[in-house]
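1. this is a predicted model, with the sequence first.
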Amino acid sequence: MAEPSSRPNMLVIMCDQLRADQLGCYGNTVVRTPHLDHLASRSTQFDHFYVNNPLCQPNRATLMTGQMPSVNGVRQNGIPLSLQSVTYAEVLRQQGYQTGYVGKAHLQNVTSIPAPKRQPWGLGQQPIETQSRRDQRQGADYQCESRDGWLGDSQDKVTLPYYGFEKAALCVGHGDQVVGHYRHWIEQQVVDANALIGPGNSLDPSVAQKPQCWHTAVPEHLYPSAYVAKQAKDFIRNRQSEQPFLLVASFPDPHHPFTPPGQYAHMYKPEDMPLPASFDHKVKHRTDLPEALLATYAKGDADPNKYWPFHIDAEHLRQVLALCYGAISNIDYQIGQILATLKAEGLSDSTQIVFVSDHGDYMGDHGTLLKSGLHSQGVLRVPLLWFDPNRSASVTHTQASAIDFAPTLLQQLGSKVPVGMQGGNMLSCKFSAAPILVEDAGVGIYTDPDQRSAQLTLVDGPWRITMLEGAEWGELYHLEEDPNELSNLWGLPNYGSVKAKLMFRLAQRQLALRDLTLSASAQA
């Protein structure tokens, strides 16, 4: 292993709820992302990089730990990552790296709503608080990202190091309603930040009438994306030059609500936004879906300003797309500023740069918006660009997923992979691509903790198969022949052997990704 002083720096850039096909380098001909496109031209671009859970908190925990949600315990939004977890940041910190995190982390709960807990089964069991599991993930150290804890309080809420990061400047929330360190900062810049934030202060009241949309009154230089870039640039400029660094710059956008600032609110015209090919193939019109899944979308249809997926009409979707693309172009500009700082500091040849998203969005697929329902490609497939100054640019069709992120990052920096990380080095010629397993506790647990609403998905080459807990229903698609997932082959007799083969591979993948940490430690 190389000495710390000779090892490369690492800059990880993240977006929230960005699909792979929302960047120019991935074939989008509408959105303008020149800085990311240029980065892609020098990077290894992964065309088939997938999440292991289609929600923020679980997949971010997986990216950090290299473990499946069922192993690190963050099975759904509302369960914080254990402070005992070994993250790639903690490994590098112990090896002499300067570590910093700016932007959205979502490794802990951001609301005060407790995680859903199933009732005890069987006679004689004790209440959940006194069951045998010791790691309840509660207490002050698990309140670092609570939105309620930050509002109206000028005190820093973060206990350092934070999952291995020695410095942290956090954004908690989305759109222009971000709190955390960002809120403290903007309140120092303007007299009354509340007069700029939220739909009630929208510069165009007509836009704010549409759910999840408004033209923020927060100026570009005070918007959360600018704050993330500023903090990243400050970290780079103020680093200890004799030590390598790991920096994560995590943008809260383009996650809903869609509120790009200034010129970015008007950069794209709604009437110019093309609708997705599956737009008219609406979820609510499908006759094969179980009631539990249809109820998920019905909940969103009843209150589209919340977090449930909902059906959207063409006019509303075009407005969403225009604002979402504006947010993406704003992020691209801010990324350009960060990369320019790297160059000005003479670090371009000694820094690896990774760009990734935590998950996607339906963004009009099947007439719907947001996430937390069907496992279509729009929510599962995300961009991944990996720039290594010593590696030639390429586009790879190798399948990989979030569990491979931490092991790859560590090995790229000359570190060994800790026992318990489950992925492999995506950039190694020895990497053996495996079918992608996606775990999802299902949205039903948020209203009924005892509901059996889990989904399991396997993406294996051109095939995607999904199973729903407690139901004989499933989904089966050939993604090359049916990229828009319009024809569910699950119930067709001609595909019975294919379905059986994929279900066997799904079971094998579950076996391979079970938790082996304790047994491995016992043998060491």
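-> Thanks, I have it.

2. center of the chain - which residue?
-> Among the residues of the chain, the smallest C-alpha distance to the mean C-alpha position (Cα atoms, centre = their mean) belongs to Asp358, namely 1.5 Å.

3. what's the separation between it and Gly424?
-> Spatial separation of Asp358 from Gly424 under the definition Cβ to Cβ, to the nearest Å is 20 Å. Backbone N, C-alpha and C define where each C-beta goes, glycine included.

4. phi first, then psi, for Phe245.
-> Main-chain dihedrals, Phe245, degrees, to the nearest 10: phi -130, psi 150.

5. mind checking how far the spatially closest residue to it that is not a sequence neighbour is from Leu374?
-> In space, and not counting its chain neighbours, Phe245 is closest to Gln98: 4.2 Å by Cβ to Cβ, 6 or more residues apart in numbering. In this structure, Gln98 and Leu374 are 42 Å apart, going by Cβ to Cβ.

6. so those two - more neighbours on which side?
-> Per other Cβ atoms under 10 Å, whichever of Gln98 and Leu374 has more neighbours is Leu374, with 25 against 21.

7. and the pLDDT for that one?
-> Among the per-residue scores, Leu374 holds a pLDDT of 97.

8. same deal with the one 10 residues further on?
-> According to the per-residue confidence, Leu384 scores 98 in pLDDT.

9. pretty sure it sits in a strand.
-> Yes. Residue assignment for Leu384, taken from DSSP: H, G, I helix; E, B strand; the rest coil, places it within a strand.

10. that one: neighbour count?
-> A count of nearby residues for Leu384, using other Cβ under 10 Å, gives 26.

11. give me the beta-bridge partners of it?
-> With DSSP bridges applied, Leu384 shows beta-bridge pairing to Phe46, Val356.

12. pretty sure it contacts Tyr50?
-> No. Applying Cβ atoms under 8 Å, one finds Leu384 not in contact with Tyr50, separated by 9.5 Å.

13. so what sits against both of those two?
-> With contacts taken as Cβ atoms under 8 Å, 6 or more residues apart in numbering, Leu384 and Tyr50 have Ala400 as neighbours in common.

14. rewinding a little: for the residue nearest to Phe245, what are its contacts?
-> Residues in contact with Gln98 (Cβ under 8 Å, 6+ apart) are Glu166, Arg239, Gln240, Gln243, Pro244, Phe245, Leu246.

15. would CSV of these with pLDDT be doable?
-> Listed next are the contacts of Gln98 as CSV, based on pLDDT from 0 to 100:
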residue, pLDDT
Glu166, 98
Arg239, 96
Gln240, 93
Gln243, 95
Pro244, 98
Phe245, 98
Leu246, 98
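
16. where's Val438 relative to Val71, distance?
-> Applying Cβ to Cβ, the value for Val438 to Val71 is 14 Å.

17. of those two, which one has the most company?
-> Comparing Val438 with Val71 by other Cβ under 10 Å, the one with more neighbours is Val438, at 25 against 22.

18. please, which helix or strand holds that one?
-> Val438 is part of strand 436-440, with elements assigned from DSSP states H and E.

19. run the chain-centre distance for that strand.
-> Here the centre of strand 436-440 is set off from its chain's centre by 14 Å, with Cα atoms, centre = their mean, to the nearest Å.

20. contacting residues around it?
-> Among residues not part of strand 436-440, those counted as contacts by Cβ under 8 Å, 6+ apart are 50-55, 58, 68-70, 75, 375, 380, 399-401, 454-460, 506, 509-510, 513.

21. can I get the buried part of those as one ChimeraX selection?
-> Those of the contacts of strand 436-440 that count as buried under 16 or more other Cβ atoms under 10 Å are selected in ChimeraX with:
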select :50,51,52,53,54,55,58,68,69,70,75,375,380,399,400,401,454,455,456,457,458,459,460,506,509,513
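
22. among the contacts of strand 436-440, name the ones in helices.
-> Pro58, Pro69, Ser70, Leu380, Leu506, Arg509, Gln510 (DSSP state H).
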